[in-house]
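Novice: I would like to see how this sequence folds:
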Amino acid sequence: MEIEQEIPQLHFRNEHHKAIVNIIFTANWLQEKIRQFLTPEDITAQQYNILRIVYASAVPLSTLQIRAQMLDKMSDTSRMVDRLAAKKLLEKRMATNDKRKVAIYLTAEGVGVLHRIEARIHELDAMVAALSVEDAQLLNGLLNAIR
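Specialist: All right, here's what the predicted structure looks like:
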């Protein structure tokens, strides 16, 4: 659907203004769809991102190492790790090489959440299924150019 139908606005200053509004609107739309997708697991998109980062690492990570890899650099990683630990999805232990640091581990329950999500990951892909592979590549290039 065209942005003009989604947001009834009489006038965009120019195509650049329209693009900015369209990107913000689409980002919010995607965030809401992802929120709905993750609701059955009772985790947020940021928490999912942390679980994926820890899962993908061959070694235990510190909170700072997790934050460096997060999509949302403004998030309070320590607080989210604590919430995931309270849900028994992550475990915090003293680092073996430095007792002043905490190492973050994924629990069996955390792995289970990721496996359940992975079984449904096609639902996330479907959010952009209207794009061909070539269109997705073009979009990725355009977004990279903006940044």
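Novice: can you give me the strands in this structure?
Specialist: 90-94, 102-106 (DSSP state E).
Novice: low-confidence ranges in the chain?
Specialist: Under the criterion pLDDT under 70, the flagged ranges of the chain are 9-10, 99.
Novice: redo that, cut-off 80
Specialist: By pLDDT under 80, the weakly predicted segments of the chain are 1-2, 4-11, 73-75, 95-100.
Novice: make sure Ile50 is actually in contact with Arg83.
Specialist: No. The pair Ile50 and Arg83 fails to qualify as a contact (C-beta atoms under 8 Å) at a distance of 9.5 Å. Yep, even glycine has a C-beta here, placed from its N, CA and C like the rest.
Novice: more neighbours: which of these two?
Specialist: Legend: neighbour count by other C-beta atoms under 10 Å for Ile50 and Arg83, higher for Ile50 (29 against 17).
Novice: contact partners for that one?
Specialist: The contact partners of Ile50, taken as C-beta atoms under 8 Å, 6 or more residues apart in numbering, are Ile66, Met70, Thr77, Met80, Val81, Leu84, Leu90.
Novice: farthest pair within these?
Specialist: Between all members of those, the longest pairwise span (C-beta to C-beta) is found for Met70 and Leu90 and amounts to 14.2 Å.
Novice: what about the closest residue to Tyr48 other than its chain neighbours, neighbour count?
Specialist: Setting aside the residues directly before and after it, Tyr48 is nearest to Leu38 in space (C-beta to C-beta, 6 or more residues apart in numbering), at 5.7 Å. Under the neighbour criterion other C-beta under 10 Å, Leu38 is assigned a count of 18.
Novice: ok, Leu38 to Ala108 distance?
Specialist: Applying C-beta to C-beta, to the nearest Å, the value for Leu38 to Ala108 is 19 Å.
Novice: ditto for Leu131
Specialist: Relative to Ala108, Leu131 is positioned 36 Å away (C-beta to C-beta).
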